[in-house]
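Novice: Make a model of this:
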Amino acid sequence: MEHGLSVLFYIALMLLLGYLGGYIANKLKLPRVSGYIIMGMLLSPSILRILPQSFVNSSHIITDLALSIVTYMIGGSLAYDKIKRLGKVITLITVFEAEMAFLFMIGFFALLLPTLMPNLGPYTSFYLPFVFLLAAMASPTDPVASLAVIHEYNARGTLTTTLLGVAAADDAFGIINFSIATSLALVFSQGGHLSIVSLVIEPLKDIILSILVGILGGFLIFILTKKVNRDSGIIVLVFGSLFLTYSIAEYFKLDPLLSTMSAGATVVNMKIDTNKLFVTIEKYYEELIFILFFVLGGAFLQIKAFVMALLVVIFFIIIRFAGKFSGVFIGSKLSKAPKVISKYLAFGLFPQGGIVVGLALTVAKFPQFHKFSVYLINIILGTTALHELLGPISSRFAISKAGELPSEKK
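Specialist: Next up is the predicted model:
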């Protein structure tokens, strides 16, 4: 390690300075995650050079640990009873807003990415896989920013309830889209023969097997924790089972994120009190995981790549919102949702962060994607920073226009 300092020293810096960044962000009325990312950018090898490049390059274990837990928690929001209770409106809107954002991004960047970032490589083996993976980042929404606004203003109403349900569910679609995009990107980046098998059957097979591995992981968590009541014991068994699930999926070249999310969905749908299997982690470990995860994500910033991709960052934000708005409109019409939902809900879905940073870092682990992964990571860091800064403002606008801020109700 550079400078003769240990890995533990840099992890300590990430935790202490990351916490400070989150504290300052809160004081500035911004989400804590914005502070974590900005602090990571400052510490990065391309700005203050406090974190050495060798540490950043070898930090995938931290990303894997964090992502296995984060995706498990996302799966934990997919309780069947909860989804059924939320009803047709939220289900249809979630499907259309997540998928329209994905498709809008593919259509736009497949045409214009070579113009926005010219002369970087062949279209089929460079730009096309790049587009698929970039588009997969458009589906997820960060429910934390919207939740913070709702709690701060004690907002209540139809739009508020719908917003929370949709924002919590579309991360799952993001992970599924990422699994599909990864399979397609591998085919094109390797110059493989295109056929129904390579474009449809192989990706579908990988998704099904990834989900099956996750279901087995969920059953393992259920069996091991069934008679354990100590928080410390539950955390050890859940984390151990998740890391096992993630590593097995990775070993068999499946999608480990889809597997750990499926494990969470399996556990939450067991006919047992699953509160201890999620709340315990959220209470004791969520902030620790988030600090390491987002500070590390920010540390991947490379100024040269970010400047080159700045136009893509701007268009990503615009096209993603256009897809979200269109999807909300279609889903609202099909489900016969109130007019206020079709007009304003998309503004509440503007915030983005969390899982997309992890998806971008996952791309860097594939040697087939190294030719463009640095650009993709810097695009996502840029869009995440802007989404997290502007997201709470956009969410407040949506809730206010819906007339669901108590201070504005007549």
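
Novice: hey, let's count contacts and neighbours off CA atoms from now on
Specialist: Will do.

Novice: mind checking the longest helix of the chain?
Specialist: What stands out as the longest helix in the chain, according to DSSP state H, is helix 80-116.

Novice: buried residues in that helix?
Specialist: Neighbour-count burial for helix 80-116 flags 88-106, 109-110, 113-114 (criterion: 16 or more other CA atoms under 10 Å).

Novice: What is the helix or strand harbouring Leu128 packed up against?
Specialist: If you go by DSSP states H and E, Leu128 is part of helix 128-136. If you count contacts as 3 or more CA pairs under 8 Å, 6 or more residues apart in numbering; DSSP states H and E, helix 128-136 packs onto helix 80-116, helix 158-189, helix 370-401.

Novice: Next SSE downstream of the helix or strand hosting Asp206?
Specialist: Using DSSP H and E, Asp206 sits in helix 202-225. Later in the chain than helix 202-225, the nearest helix or strand by DSSP H and E is helix 231-251.

Novice: Show me the contact partners of whichever helix or strand comes after that next one.
Specialist: The helix or strand immediately downstream of helix 231-251 is helix 256-268, counting by DSSP H and E. Residues outside helix 256-268 that contact it (CA atoms under 8 Å, 6 or more residues apart in numbering) are 67-69, 71-79, 172, 175-176, 179, 207, 210-219, 221-222, 242, 245-250, 274.

Novice: ok and helix 256-268 relative to helix 158-189, angle-wise?
Specialist: If you take axes from the mean of the first three to the mean of the last three CA atoms, to 10 degrees, helix 256-268 sits at 140 degrees to helix 158-189.

Novice: Tell me which helix or strand comes right after helix 256-268.
Specialist: For helix 256-268, the following helix or strand on the C-terminal side (DSSP H and E) is helix 275-284.

Novice: Output the helix holding Leu128 as CSV, restricted to C-alpha atoms.
Specialist: This file holds the C-alpha atoms of helix 128-136, laid out as CSV (Å, rounded to 0.1, in the frame of the first residue of the first chain):
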residue,chain,number,x,y,z
LEU,A,128,-23.8,-0.4,-27.3
PRO,A,129,-22.8,-2.3,-24.1
PHE,A,130,-22.1,1.0,-22.5
VAL,A,131,-25.6,2.2,-23.4
PHE,A,132,-27.3,-0.9,-22.0
LEU,A,133,-25.6,-0.6,-18.7
LEU,A,134,-26.1,3.2,-18.5
ALA,A,135,-29.8,2.8,-19.2
ALA,A,136,-30.2,0.2,-16.4
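
Novice: Next, the angle helix 80-116 makes with it.
Specialist: Using the same axes, to 10 degrees: helix 128-136 against helix 80-116 is 140 degrees.

Novice: what's the angle from helix 128-136 to helix 370-401?
Specialist: Using the same axes, to 10 degrees: helix 128-136 against helix 370-401 is 20 degrees.

Novice: what's in contact with helix 128-136?
Specialist: Residues from elsewhere that reach helix 128-136 (CA under 8 Å, 6+ apart): 101-103, 105-106, 109-110, 113, 174-175, 177-178, 181-182, 184-186, 188-189, 372, 376.

Novice: again, only using 7 Å
Specialist: 102, 105-106, 109-110, 174, 177-178, 181-182, 185, 188-189, 372, 376 (CA atoms under 7 Å, 6 or more residues apart in numbering).
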